[in-house]
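Participant: No letters, just coordinates:
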């Protein structure tokens, strides 16, 4: 039976391959760092992200957009939702969205009546089709939920639903800040 590699072993293999493909350079700490071509490639550090249009208590930061990197077809951002908080009811127009849960637990309410409920946790992906009204809620009262969001447009399309704060409170039990 073949042994499965741990994520640490896979990371070490990937770093080794990149080092062979792109060469090595000294890092500030005296160890080896991988150097890749910067022709078009961009590394976006947390400090490079910018606040973007949010929904409810959700804090959304753009990492890849037209304004930041010249993206034409996608938007990628980091989203944090405080413990016990939720977004307002909203949709993203014609954009398809994918959400990846980095940490924490989220509860998603979807559909025109927000009655479809789905749970997600760290490591899960969520697909949101165009025009689907939804609410992201933090399922934990103790820790934030952190997510990466990818959209099929480079603009952060967010259309908050009229009266969403009252409807979100009624459905999720938590108040969405505006």
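Facilitator: The structure has been received and is ready for your questions. Everything numeric in this text was worked out from a predicted model, so none of it was measured.

Participant: host element of residue 150?
Facilitator: Per DSSP states H and E: residue 150 is located in strand 145-151.

Participant: Who does that strand pair with, and is each partner parallel or antiparallel?
Facilitator: Strand pairing for strand 145-151, using DSSP bridges, gives strand 75-81 (antiparallel), strand 97-103 (antiparallel).

Participant: quick one, which of the ones you listed is packed in tightest?
Facilitator: strand 75-81 (a mean of 21; mean count of other CB atoms under 10 Å). Every residue, glycine included, has its C-beta placed from N, CA and C.

Participant: for the record, mean pLDDT for it?
Facilitator: The average pLDDT within strand 75-81 is 92.

Participant: quick one on the thing from earlier: out of the strands paired with strand 145-151, flag the one nearest residue 69.
Facilitator: strand 75-81 (9.3 Å; CB to CB).

Participant: Contact partners for the nearest residue to residue 99 once chain neighbours are set aside?
Facilitator: In space, and not counting its chain neighbours, residue 99 is closest to residue 126: 4.3 Å by CB to CB, 6 or more residues apart in numbering. Contacts for residue 126 (CB atoms under 8 Å, 6 or more residues apart in numbering) come out as 98, 99, 100, 101, 106, 108, 118, 120.

Participant: hmm, 7 Å instead?
Facilitator: 99, 108, 120 (CB atoms under 7 Å, 6 or more residues apart in numbering).

Participant: what are the pairing partners of the helix or strand it falls within, and which direction each?
Facilitator: Per DSSP H and E, residue 126 falls inside strand 125-128. Here strand 125-128 has these sheet partners by DSSP bridges: strand 97-103 (antiparallel).
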